[in-house]
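1. Got a predicted model here, sequence first, then my questions.
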There are 2 protein chains.
Amino acid sequence: METPAELDVNSVTSLIEHWSSLPLEERKLHFNQLPRTDAEELFLNLAAPDQYELLSELSPLEKRSWIRLLAPDDAADLVQLFPIEQRNEALQLLDEQSRHEVMGLLAYAEDDAGGLMNTRYIRLRPDMTVEEAIRYIRAQARNPIEIIYYAYVLDAGQRLMGIVSFRDLFVAPPNKLIRDMMETELIAVREDMDQEEVSRQFSQHDLLALPVLGETGQMKGIVTVDDIVTVVEEEATEDIQKLGGTQALDAPYLKIGFSEMVRKRGVWLTVLFAGELLTASAMGYFEDEIQKAVVLALFIPLIISSGGNAGSQASTLIIRSLALREIQLRDWWRVLVRELRTGLALGAFLGVIGLLRVVLWPIKDSGYLEHYFLIGSAVAVSLVGVVLWGSISGAMLPFVLHRVGLDPAVASAPFVATLVDVTGLIIYFSTASLFLSGILL
Amino acid sequence: METPAELDVNSVTSLIEHWSSLPLEERKLHFNQLPRTDAEELFLNLAAPDQYELLSELSPLEKRSWIRLLAPDDAADLVQLFPIEQRNEALQLLDEQSRHEVMGLLAYAEDDAGGLMNTRYIRLRPDMTVEEAIRYIRAQARNPIEIIYYAYVLDAGQRLMGIVSFRDLFVAPPNKLIRDMMETELIAVREDMDQEEVSRQFSQHDLLALPVLGETGQMKGIVTVDDIVTVVEEEATEDIQKLGGTQALDAPYLKIGFSEMVRKRGVWLTVLFAGELLTASAMGYFEDEIQKAVVLALFIPLIISSGGNAGSQASTLIIRSLALREIQLRDWWRVLVRELRTGLALGAFLGVIGLLRVVLWPIKDSGYLEHYFLIGSAVAVSLVGVVLWGSISGAMLPFVLHRVGLDPAVASAPFVATLVDVTGLIIYFSTASLFLSGILL
C-alpha cells in the first residue's frame, strides 16, 4: 500500500503517482487501455492541465461524459484551459445547473477565494430541528456534493447566520432547533481574498472548510482544505522559484516550452547582468590601485561572494518569515538590530579565517611578502564590513519591497548578491587604501 | 470577518492571528485576562511551543486541565517539549487512557506518519448494518474525536478491511451490511513513512484522512489533512531556508536564540567561504596575466556572478521539481539536454550584451583602446561558457546529491555560485589567453 517504486500500469494509484513523469504518448495509451471506472478514477485525480491534455482530441460527445464527472470548481478549472473560442462550446457540454455554476466561478480570478470555491454545500434554515436537518442532509447528500464537512445556516436573504458541524448534529437531542445549537462566531473569507491569505486562515485555524462570503455577507460557496494543500504547495513553489532568481514557471519543469523557459529565466538573468555591469564600472574606478598592487585583485571574488552569501541567507530567512506572517512590517527595527549583531559575529569569524589564510599561506612569492600582515588585515576588515552590509541589506530589502507593495520574494539570493557585489567592491578598495596607502598604493 | 489589520485583544481570532508577533509578556497578559472559554479556544489554536510557553510557569494542578483539553496527538507534541526529567510528571497529568495513547505516540519520530497521527478514530465491524453503524457512530461521537471524516472497518485482528465515508452511510439503505458497501481499494500509509511522503499522498489523492498501518496491516491511527497543511508549510520553509544557504532554523526568525542563529548560518557561511578561498588560489595562478592586462580584472565579478546566477536558477528549479516528484532521477538525461540548450541561449544573449558594453562604452582611456574588440570578444565567449557551465552544473548537482542519498536542497544558490566561481575564473582566463596571447598577454 506504500508508494510503489516502479510504475504498475494496472493500478490507478500507481498511474496517478507517476503521471507527470510519463511521456505524453504513454499517458494517452494507459488512459485508453484502462477499464472505464478506473479511467474515471484516474481522470478525477489528475490536475486540470493533465485532464485537458487527455480530452483535447476527443469528440464533443466523448468530452461530455468526462466533463460532467467533475464538480463545478474542477470543471471551471478545466474550462479555463480551453482556447477562448472553444470555451463556450465546452460550457454547452454541461447540464444547465452546472453550466450556471461554472460560469459564475469563471468570473473569479483563479487565485482568489472565489476561484477556489465549491458552490455545492449543505444549506440549513435556522428554524429546522436537528431531526429535520439530518433528514434533509440525507436527501441533499444524494446530489454530487463533493464531501460533507459542515452545514451552513442561511437566512432568507442567503446571508450566513451560523455553522453546524456533523459531529454536533449527531450528538444533539433530535428536537433541538438549529438556531439554538449553531456556531455563530464565524471564520469566513471574502470572495476576492487572495489564495495565499485563504491558506493562511486554514493553517491558523485547523479547519476543514471555510465559507466564502460576498460583500454584504451572502453565502457564495465553500473552500475545502483538500484544495488548500495544493495551494500551499503552489505558493511555496512560486516563492522558491523567485528566490532562485527566476520568474515563477507556472508549470512543471519538463512540461514548460523551451522559449517560455528561456524567457522566464532570461528576464531576470539580464536584469542581474545589467546590475553586475556596474561592478565593471566600479572596478574601472579602482584600476590604478589594481595596477599598483595586483595582489588586491586576488581577493575580490572571495570578498564580494562572502557578502553575497551573507545577504542571501538574511533575505531568504526574512522573506519566508514575512510570507508566513511570523514577522510583520513593524518588526523591521528588531530585525535590523538582530542582523547587526549576527552580521558582526559572522563577519568577524570569517575575517579571522581570511587573515590567517593570507598570512599563513601567501600566494606565490610575488614580492609583497613584507606587507602580508597589512594585506591580510585589509582583507579581514573588508570581510567584516561586507558580511555586515550583506546581512543588513539582505534583511531590509524584503521590508522595503513589501512596504512599496512589491513581492518581497523579488529579493532573491542572486538579486541580493548582485546588489552587494558593487558595494562590496567599494568597501574593499576603500579599506585597502586605508591600510596600504603610502605603502603599496 | 476578514483578517483584522490591527490586534483586537477581545477577539480570540485576532489574538491567534497576531500571537507570534506579540512580546512574551503581552502574550501571557492577554491569556490571563481572557474569560476561561476564550482562553481555552486560544490555547487549542496555538502551536505546541506557544502552548508550552503559557503552561511552563503554572502549578501541576493548573497545568492538568489545559493538557487534558488536547487530543492525544497534540498532547504528545506538547509533552515532547518538556525537559526530559519533567516529561513523566507531565504524562501523569493525563487520564489513564490518554496517557497510554500519548506514550504510544511519543515512540514515533516527530516527522513520521506515526508522529502525526491521531489514535482516536471511528471503528466499525464488517457485519454491522448501516443503521447499526450510524447509531454506533452517534455514540462514539460523544467522546472527544477531533473531527469525523471516515469510519474504518477492522477485522478481529485490528487489521484494516475497508473504509466507509459518511456520505455513503447517509445514502445507503439502513439494513445494508457494512462489508457490502465499504471501499476496499485502500490508500494507506505506513507508520514509519516520512511526513514529506505522507503530504504527497494527500495532495495527490485529495483526501481528508489517511489510515496509518503497522507492518502487518493493523490499524494504528489516522492522519488528517488539517495537520498536513502545516506539514507542507514546514517542509517548504525548510527547503527555502536551505536554498538560501543556511541550515533549517526549526523556529520562527524572531524566536530563535542569537547563538543558535549564528551557528546555523555560520556553518554554511564558513563552508562557502572555504570554497571561495579557492578563488584566491585560482586568481594567484593568473596573477601574471592580471599584471600584464589589468583590464581583465575589471570583468571578473561580472563573469563569475553571471555563471553563479545561471547556476542558482537551474539548481532551484530542479530541486523543487525533485521535491514535488515532477522529475525523477531517471530524467537526468532529459534535463541535461534541456539545460544545454537553455544555457547556450542565455549565455549567447548575455555575451552579446557584454560585447556591446565593452566595445561601445570603454572603461577610462587606459591605453587598451585598440584591443577593445578582442577584449570584448573574450568577455563574450567567456560569458557563454560560464553561463552554460553554470546551468549544467546547477541542474546536475541536485541529481548527484539525490543519488548519493543527500538532500538535493543542499545545492543552494550560494553553494552553486561558489562552485561556479572557481571554474568561472578558469574559463575566463583560458579564453582570454586564447584571444589575447601575444597581444596583451
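-> That came through, no problem.

2. The spatially closest residue to A:Gln51 that is not a sequence neighbour: what's it in contact with?
-> Nearest residue to A:Gln51, sequence neighbours excluded (Cβ to Cβ, 6 or more residues apart in numbering or on different chains): A:Leu78, at 5.5 Å. Placement of C-beta: from N, CA and C, glycine included. A:Leu78 is in contact with A:48, A:51-52, A:55, A:67, A:70, A:90, counting by Cβ atoms under 8 Å, 6 or more residues apart in numbering or on different chains.

3. So which of those residues sit within helices?
-> A:48, A:51-52, A:55, A:67, A:90 (DSSP state H).

4. Now the phi/psi pair for the residue nearest to A:Gln51, please.
-> As for A:Leu78, its main-chain torsions (degrees, to the nearest 10) stand at phi -70, psi -50.

5. burial of the residue in the stretch 101-250 of chain A that chain B sits nearest to, as a residue count?
-> The stretch 101-250 of chain A approaches chain B most closely through A:Gly244 (2.4 Å), counting by Cβ to the nearest Cβ. The number of residues packed near A:Gly244 is 29, by other Cβ atoms under 10 Å in any protein chain shown.

6. who touches it in this structure?
-> Per Cβ under 8 Å, 6+ apart, neighbours of A:Gly244: A:412-414, B:243, B:312-313, B:315-317, B:413.

7. give me that answer again for 10 Å
-> A:265, A:268, A:412-414, B:243-244, B:309, B:311-320, B:394, B:412-413, B:416 (Cβ atoms under 10 Å, 6 or more residues apart in numbering or on different chains).

8. ok, now A:Thr224?
-> A:73, A:116-118, A:121, A:146-147, A:149, A:202, A:207-210, B:206, B:208, B:225.

9. how does it look with 6 Å?
-> With contacts defined as Cβ atoms under 6 Å, 6 or more residues apart in numbering or on different chains, A:Thr224 is in contact with A:Ala209.

10. do the same with the one 3 residues further on
-> Under the criterion of Cβ under 6 Å, 6+ apart, the neighbours of A:Asp227 are A:Leu116.

11. Now the helix or strand encompassing it - C-alpha only, PDB.
-> Element membership of A:Asp227 [criterion: DSSP states H and E] is helix A:225-243. Extracted C-alpha coordinates of helix A:225-243, given in PDB (Å, rounded to 0.1, in the frame of the first residue of the first chain):
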ATOM      1  CA  VAL A 225      -9.000  22.000   2.900                       C
ATOM      2  CA  ASP A 226      -8.000  19.400   0.300                       C
ATOM      3  CA  ASP A 227      -7.700  22.200  -2.300                       C
ATOM      4  CA  ILE A 228      -5.600  24.200   0.100                       C
ATOM      5  CA  VAL A 229      -2.800  21.600   0.300                       C
ATOM      6  CA  THR A 230      -2.300  22.100  -3.400                       C
ATOM      7  CA  VAL A 231      -2.400  25.900  -3.000                       C
ATOM      8  CA  VAL A 232       0.200  25.900  -0.200                       C
ATOM      9  CA  GLU A 233       2.500  23.800  -2.500                       C
ATOM     10  CA  GLU A 234       1.900  26.100  -5.400                       C
ATOM     11  CA  GLU A 235       2.600  29.200  -3.400                       C
ATOM     12  CA  ALA A 236       5.800  27.700  -2.000                       C
ATOM     13  CA  THR A 237       7.000  26.700  -5.500                       C
ATOM     14  CA  GLU A 238       6.400  30.200  -6.800                       C
ATOM     15  CA  ASP A 239       8.400  31.700  -3.900                       C
ATOM     16  CA  ILE A 240      11.200  29.100  -4.300                       C
ATOM     17  CA  GLN A 241      11.500  29.800  -8.000                       C
ATOM     18  CA  LYS A 242      11.600  33.600  -7.400                       C
ATOM     19  CA  LEU A 243      14.200  33.100  -4.600                       C
END
